[in-house]
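A.B. asks: sequence plus the predicted model coming up.
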Amino acid sequence: MESVLRKVEELALVHDKVDPKIVKEKNIKLGLRNEDGSGVFVGITSKGQVIGYEKIITGDGTQKLNPIPGKLYYCGYDVEDLVREKESEKRFGFEETIYLLLTGELPSTGDLRSFSKELGKRRALPEEMKEIILNRPRHDDQMCSLHTIVSAMHLFDKNPNSTDIRDVTRQCIDLIAKFPTIIAYNYKKKLMKKNDTKKLTEPDPDLSSAENFLYMLSGKVPDRFTAELFDTMLIFHAEHGGGNNSTFTTRCVSSSGANTYMAICAGIGSLSGHLHGGANEAVVRMISDIKRRVKDWESDEEVKAYLERMLDKKAGDRSGKIYGLGHAVYTLSDPRAVFLEVKGEELAKLYGREKEFSLYRKIAKIAPQLVKDKKGKVVCTNVDFYSGFVYQCMGIPKELFTPIFAMARVSGWSAHRIEEIVQGRIIRPSYFSSLKGMRKYIPMSKR
């Protein structure tokens, strides 16, 4: 068996590698990226807009990408304004963000109250679904668990395969409401020695989405500071344009006419990857490694030397990556990371983790210049660099970092699914053949 598997692996490596000459000659957009690194336009959306550079025409007439401070917009509104306003009014804002993404409009006070009430009514899971969660095989991978349960949610829908906009909207709102409950219960299942549905805390319809999740996780209503910060984290992760991998995957599957549950599961599958949603966990692992390997955290020279070894694939996980650094669009700054750096400092002082947070800041200062010197790229810390630290301070286990990302992003996935259903055209890009010509079939007896 091993020899067969090894042969399949070896042949795949031989035939599946990309010839750089063909890529350049045929102007193939690998990864749907242009040669300058910008994304290829493949669709139109009103939901999210991510800005990290501007295109300028140089003196010789060529086009160049000019790095600028990053901005993130939801339906035309600056996400920083959404967060600033909800903080100044001392209220929760994730529900307002969900409504905005789904409708394209900010809700009135009455609309927001009605919408929040509807989410509250839909949070509870059917008893049969609780049994499915508790009776499935024990599994530590919380994203796989989330995928399994969301897939099974079609069993409780009388019309699961409908692509009528009314059904799709209903299904999306239902999933947005239930994601926090599913994620909390999946984690509770992992901790249980004996299955007991009575140990699953029922969601409180009068609490916000942020409060509810933390309440179901611990059994206690969280303090206001923690709940409001968690609410902000959900807002920041809710949407990031149609081109991010999980949203594009959701749109791609939606365009085929697949049902809502399959489309959202596709988004979950994409987000589980370490290059997408799993990056914040990778940052935490990386920091733990640096703390062990670098003797003096306060020494710029020691930290820089270790980061250089990481980039040279001689340290860390030897991937050549500094996790939490760089982004497909952002160049000079990620607005979410800018906010979280400030909050991270507050939490570090609150929980006595100033020395560790100073290490984060030192890496954030040194690493971008190293990457620029070695690779010629302008990069910045992204939201994943600080989010894991923030979650740790809140007492949230590492296994839930990526599921929480999904808890927020399902609102963006849902908004894009609805938009894709309305636009109604299957996504079907082309691939250039790497073969040098057609091949004549060889009979078995002559191979």
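C.D. replies: Good, I have the coordinates. Numbering: from 1, shown residues only.

A.B. asks: ok, P429 - contacts?
C.D. replies: Counting by Cβ atoms under 8 Å, 6 or more residues apart in numbering, P429 makes contact with L32, V42. C-betas here are computed from N, CA, C, even on glycine.

A.B. asks: that one in helix, strand or coil?
C.D. replies: coil (DSSP: H, G, I helix; E, B strand; the rest coil).

A.B. asks: do P180 as well
C.D. replies: Three-state assignment for P180 (three-state DSSP): helix.

A.B. asks: next, count neighbours for it.
C.D. replies: P180 sits with 27 neighbouring residues when counted by other Cβ atoms under 10 Å.

A.B. asks: not counting its neighbours along the chain, what's nearest it?
C.D. replies: F213 (4.0 Å; Cβ to Cβ, 6 or more residues apart in numbering).

A.B. asks: ok, the one you found touching M233?
C.D. replies: No. Using Cβ atoms under 8 Å, F213 is not in contact with M233; the gap is 10.7 Å.

A.B. asks: between these two, what contacts are shared?
C.D. replies: Applying Cβ under 8 Å, 6+ apart, one finds that F213 and M233 are jointly contacted by I404.

A.B. asks: OK, contacts around the residue nearest to P180?
C.D. replies: F213 neighbours (Cβ under 8 Å, 6+ apart): P180, I183, A184, F230, I404, M407.

A.B. asks: next SSE downstream of the helix or strand where it lies?
C.D. replies: In this assignment (DSSP states H and E), F213 forms part of helix 209-218. Going down the chain from helix 209-218, the next helix or strand is helix 224-237, by DSSP H and E.

A.B. asks: that next one: which residues count as buried?
C.D. replies: T226, A227, E228, L229, F230, D231, T232, M233, L234, I235, F236, H237 (16 or more other Cβ atoms under 10 Å).

A.B. asks: can I get the longest strand anywhere in the chain in CSV, CA atoms only?
C.D. replies: Using DSSP state E, we find that the single longest strand of the chain is strand 63-74. Provided in CSV are the C-alpha atoms of strand 63-74 (Å, rounded to 0.1, in the frame of the first residue of the first chain):
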residue,chain,number,x,y,z
GLN,A,63,1.2,51.4,-13.7
LYS,A,64,2.5,51.1,-10.2
LEU,A,65,1.0,50.2,-6.8
ASN,A,66,1.6,52.9,-4.2
PRO,A,67,1.2,51.7,-0.6
ILE,A,68,-1.2,53.7,1.6
PRO,A,69,-2.7,53.3,5.1
GLY,A,70,-5.3,50.5,5.0
LYS,A,71,-9.1,51.2,5.1
LEU,A,72,-12.0,48.8,5.4
TYR,A,73,-15.5,49.7,4.4
TYR,A,74,-18.8,47.8,4.9
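
A.B. asks: what's that strand in contact with?
C.D. replies: Strand 63-74 has contacts (Cβ under 8 Å, 6+ apart) with 36-38, 47-58, 78-80, 82, 97, 100-101, 238-240, 327, 329-336, 378, 380.

A.B. asks: now do the buried residues in that strand.
C.D. replies: L65, P67, G70, K71, L72, Y73, Y74.

A.B. asks: got JSON lines for the residues you listed, with distance to I287 too?
C.D. replies: Formatted as JSON lines, those follow (distance: Cβ to Cβ, whole Å):
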{"residue": "L65", "distance to I287": "30"}
{"residue": "P67", "distance to I287": "26"}
{"residue": "G70", "distance to I287": "23"}
{"residue": "K71", "distance to I287": "28"}
{"residue": "L72", "distance to I287": "25"}
{"residue": "Y73", "distance to I287": "31"}
{"residue": "Y74", "distance to I287": "30"}
